[in-house]
Structure formats: C-alpha cells, structure tokens
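*Asks:* Could you work out the structure for the sequence below:
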Amino acid sequence: MPPRLDSPELAELTQLFEPIRAELEAVEDAYTTHIQTGVEPPAGGAAEVQRHAVDEVIPRMARYIQASGGKRVRPAVLLMAARMCGYRGERPVVFASAVEFIHTATLVHDDVIDDSELRRGRLAMHSRWGNNMTVLLGDYLYIRAMEVALTYDDAIAIVRLLCDVTRRMIEGEIYQLTKVGAADIAEEEYFEIIRRKTAYLFSGAAEIGGMLGHADEEQRLALRRYGFNLGVAFQLVDDLLDFTADRAALGKPVGGDLREGKVTLAAIHLLRLEGPESRAHDIIRSVVETGDIGAEEWSELVGLLRERRAIQYACDAAEEYATAARQCLDAFPPSPERTALAALPDYVLARDR
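*Replies:* Predicted coordinates for the structure are as follows:
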C-alpha cells in the first residue's frame, strides 16, 4: 500500500526530497500529460470506438498504476543529481519522467510474468484488465519513455543511455526467468539479476543528472556508481522484506518471491550453510517447485533464517552497498542536494514496505 500521509516513512522522504519538491510535482504532471495517446480518431462511424479504445482505456490504466503509490525514488535521484551538478532548467523533469515511465513499464510487465495478484495493496493491472491489455500498456509506456526523452534534439547521448539501461533490464528479466524454480541458484547469479533488473536504472538516473549539469568525467562516474550501489541496496532490502515484513505493510503476500520460484540472498546463504540434505533445503525446494507453503513451515523457515543469521547476512550486504553509495558523493562539494543524496541510502536500509 502507499505510505499513509502520517507515516514516518513518507515524512522522511518528504524531508529528503524538499529541495526538488516542485520538480517532483512536475514529473507527476508530466506523467499525466504524456499518457494521453495523441491519436486522431478516424472520420466516420468508427470514431467513437477509436476514441474509447485509445483515448480512454490507456490513460485510465496508466492513472490506475500511478495512483497505486510509489515513492518516485529514481526520478528524485536524477533531479537531485542535476541540481547538485549546477543545472537549473526544465530538462531534468523531462528525463525524470522518462525514467519513471521505464520503471512503471517494468512493474506492469513483472506483474504479468509473476502472475502477482496484488501491487502495493491493490489489484495488479492484469488482475483488472487481463494479460493482453497489460502487456500492451507496458509496451506503450516503454515507447512513451523514449518519445519523451527525444523531446530535445541534442539529447541523443541520454537516449542511448536509457536504451542501454532498458535493454539490460529486459536481459535481467529473461535471465531471472531461466532461474525461476532453481533452489540452487548461486549468489553471483542472484547479484547479476538484481544488477540488471534494478541497479542499472538507478545508475542511469544518477548519471543523467550529471550529464545535464556541469559534472566532469570523474563526477559523472561517481554518480553512475552512486546510483548503481544505491540500486543494489534497494533491491537487497526489497527482497529481504519478503521474509521480514507483514502483509499489511508490504502490500502483497509475504513469501511471494519464494512462491514465484525466486530464491533471494538470505535463502541462498541459508542453503549454503545448511547443505542439500537439510530441512531448510527441503522447505525451500518444496516452495519453489509447488508455489505453496503452510504457515507452520513458513514460520520454521523464517526461524532458520534468523537463527543462522542469513537475514543479517543480507542486511550486511545491503549496508555495504549503501555505504559505497554514500562514499561516491565525496567527489562533490557540500550542498543540500548532496546531503539529501547521502541520506537516501539510510532511508533505503530502513524501508519496511
């Protein structure tokens, strides 16, 4: 579910994002504007049918997923990076909108691939509109992202970066699909998946901010690394919530990753400690193969994860990446934006949804 208006989490984010509050609001407005199709209905009797199918359904679906919440962390990273690098103008809003379109498209497609019933406490898109319409909406959002990014004729380098990021994300999704149901996935294979599916978009968002501003090559590389490390930490924590969050806070059933056949870092580490003949191995293999687990078995598994400090192992990994992200900002002089970007990894580590 989206954070409550009075939640500490939202208050903390609001404070962090205060330097770019107006720009984030402009990103929301741009999303609403760009989901309009711009297709002219044909003349004659088919005009009303065309108007309904194109000019009403797509915006309605896109507004539904927009209203489901989300913290807009990726656009915020781009906006704050651009300001930290001295840029003042409208371009960061445009490219932050493109980044959010790409992220939203991946969420839409992921829900179809995972057959997830819920997204942030609400029915997932495909649960309302079906797989066919939902896949096409995701495709539409990808295309709109590139159209938005091409607003400026001299922005081809940024468009290339966004294309590269999107390609890596799709490759990551395909790679993950080859590992679904594999209880013996290696730790490095897991990290390769989250690098592609999550970290590269964070990295691209931060780097685009530097490209728009006055960042030199060293600073641009620092921003790329900042976003990459932040993205890995973000996904590590997101995966941990599958074991540590309650359903009401998470907005989806706990244990969803394992039920979908995805073995994440804490479980990988537990299996390495316990071995192939262990109770932990039996439970995890059963879940990824059947997609089901009872309450008692789930409690037993979480107990093993805590007892063997496998959850702490994943927490420590997230902390290492968060620390690496903060250190990347040493390449920049003090500013309110640098302070906010340096605090963002702490927010990521403290997430409970």
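*Asks:* Spell out the residue ranges of the helices in the stretch 51-200 of the chain.
*Replies:* 57-67, 73-84, 91-114, 125-149, 156-179, 187-194, 200-212 (DSSP state H, counting those that start in this stretch).
*Asks:* tilt between the fourth one and helix 57-67?
*Replies:* The one in question is helix 125-149. Interaxial angle, helix 125-149 versus helix 57-67 (axes from the mean of the first three to the mean of the last three CA atoms, to 10 degrees): 100 degrees.
*Asks:* contacts for helix 125-149?
*Replies:* Contact with helix 125-149 is made by 30, 34-35, 57-58, 61-62, 64-65, 94-95, 97-99, 101-102, 104-106, 108-109, 111-112, 115, 117-119, 155, 158-159, 162-163, 166, as judged by CB atoms under 8 Å, 6 or more residues apart in numbering. C-betas here are computed from N, CA, C, even on glycine.
*Asks:* again, but for the first one
*Replies:* Contacts made with helix 57-67 from outside it, assessed by CB under 8 Å, 6+ apart, are listed as 28, 31-32, 35-37, 104, 107-108, 119, 125, 128-129, 133-134, 137, 140-141.
*Asks:* Provide a ChimeraX selection command restricted to the buried entries of those.
*Replies:* ChimeraX command restricting these to the buried ones, with burial defined by 16 or more other CB atoms under 10 Å:
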select :31,35,37,104,107,108,119,125,129,134,137,140,141
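*Asks:* what's in contact with stretch 266-284?
*Replies:* Outside stretch 266-284, the residues within contact range by CB under 8 Å, 6+ apart are 183-187, 190, 239-240, 243, 258, 263, 293, 297, 300-301, 304-305, 308, 310-311, 313-314.
*Asks:* cool, stretch 304-314 as well?
*Replies:* In contact with stretch 304-314 (CB under 8 Å, 6+ apart) are residues 236, 239-240, 243-244, 264-267, 269-270, 273-274, 279-280.
*Asks:* For it, buried residues please.
*Replies:* Burial within stretch 304-314, assessed by neighbour count using 16+ other CB under 10 Å, is assigned to 304-305, 308, 310-311, 313-314.
*Asks:* for the record, mean pLDDT for that stretch?
*Replies:* The predicted model assigns stretch 304-314 a mean pLDDT of 97.
*Asks:* returning to that earlier point: now, among the buried residues of stretch 304-314, which is nearest to Arg88?
*Replies:* Nearest to Arg88 out of those is Ala314 (CB to CB; 39.9 Å).
*Asks:* can you tell me how far the closest one sits from Glu320?
*Replies:* Counting by CB to CB, to the nearest Å, the gap between Ala314 and Glu320 amounts to 11 Å.
*Asks:* related to what we said a few turns ago, from the contacts of helix 125-149, list just the buried residues.
*Replies:* Among the contacts of helix 125-149, those scoring as buried are 30, 34-35, 58, 61-62, 64-65, 94-95, 97-99, 101-102, 104-106, 108-109, 111-112, 118-119, 155, 158-159, 162, 166 (criterion: 16+ other CB under 10 Å).
*Asks:* Spatially nearest residue to Phe191, not counting backbone neighbours?
*Replies:* What sits nearest to Phe191 in space, not counting adjacent residues and going by CB to CB, 6 or more residues apart in numbering, is Val232, at 7.5 Å.
*Asks:* just checking, what packs against the strand or helix carrying the one you found?
*Replies:* Here Val232 sits within helix 217-244, counting by DSSP states H and E. For helix 217-244, the packing partners by 3 or more CB pairs under 8 Å, 6 or more residues apart in numbering; DSSP states H and E come out as helix 73-84, helix 187-194, helix 200-212, helix 256-259, helix 265-274, helix 310-328, helix 336-349.
*Asks:* Distance to Ala145 for those helices - can I get that in a markdown table?
*Replies:* Conversion of the helices and strands packed on helix 217-244 to a markdown table gives the following (distance: least, CB to CB, whole Å):
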| stretch | distance to Ala145 |
| --- | --- |
| helix 73-84 | 12 |
| helix 187-194 | 21 |
| helix 200-212 | 11 |
| helix 256-259 | 26 |
| helix 265-274 | 30 |
| helix 310-328 | 24 |
| helix 336-349 | 23 |
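*Asks:* Comparing the ones you listed, which yields the minimum mean pLDDT?
*Replies:* When mean pLDDT is averaged over each of the helices and strands packed on helix 217-244, helix 256-259 scores lowest at a mean of 90.
*Asks:* got the buried residues for that one?
*Replies:* When neighbours are counted by 16+ other CB under 10 Å, the buried residues of helix 256-259 are found to be 256-259.
*Asks:* could I get these as TSV with distance to Glu207?
*Replies:* Rendered in TSV, the data for these read as follows (distance: CB to CB, whole Å):
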residue	distance to Glu207
Gly256	31
Asp257	29
Leu258	34
Arg259	35
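*Asks:* from the residues you listed, which is closest to Arg224?
*Replies:* Closest to Arg224 out of the buried residues of helix 256-259 is Asp257 (27.9 Å), distances taken as CB to CB.
*Asks:* Distance check, that closest one against Gln176.
*Replies:* Using CB to CB, we find Asp257 at a distance of 11 Å from Gln176.
*Asks:* Low-confidence bits of this structure, can you list those?
*Replies:* Judged by pLDDT under 70, the chain has its weakly predicted residues at 1-11, 37-55, 69-70, 120, 246-254, 353.
*Asks:* Apply 50 and report the result again.
*Replies:* Counting by pLDDT under 50, the chain shows low-confidence ranges at 1-8, 10, 39, 49.
*Asks:* Identify the residues contacting Ala340.
*Replies:* Residues touching Ala340, when contacts are defined by CB under 8 Å, 6+ apart, comprise 16-19, 80.
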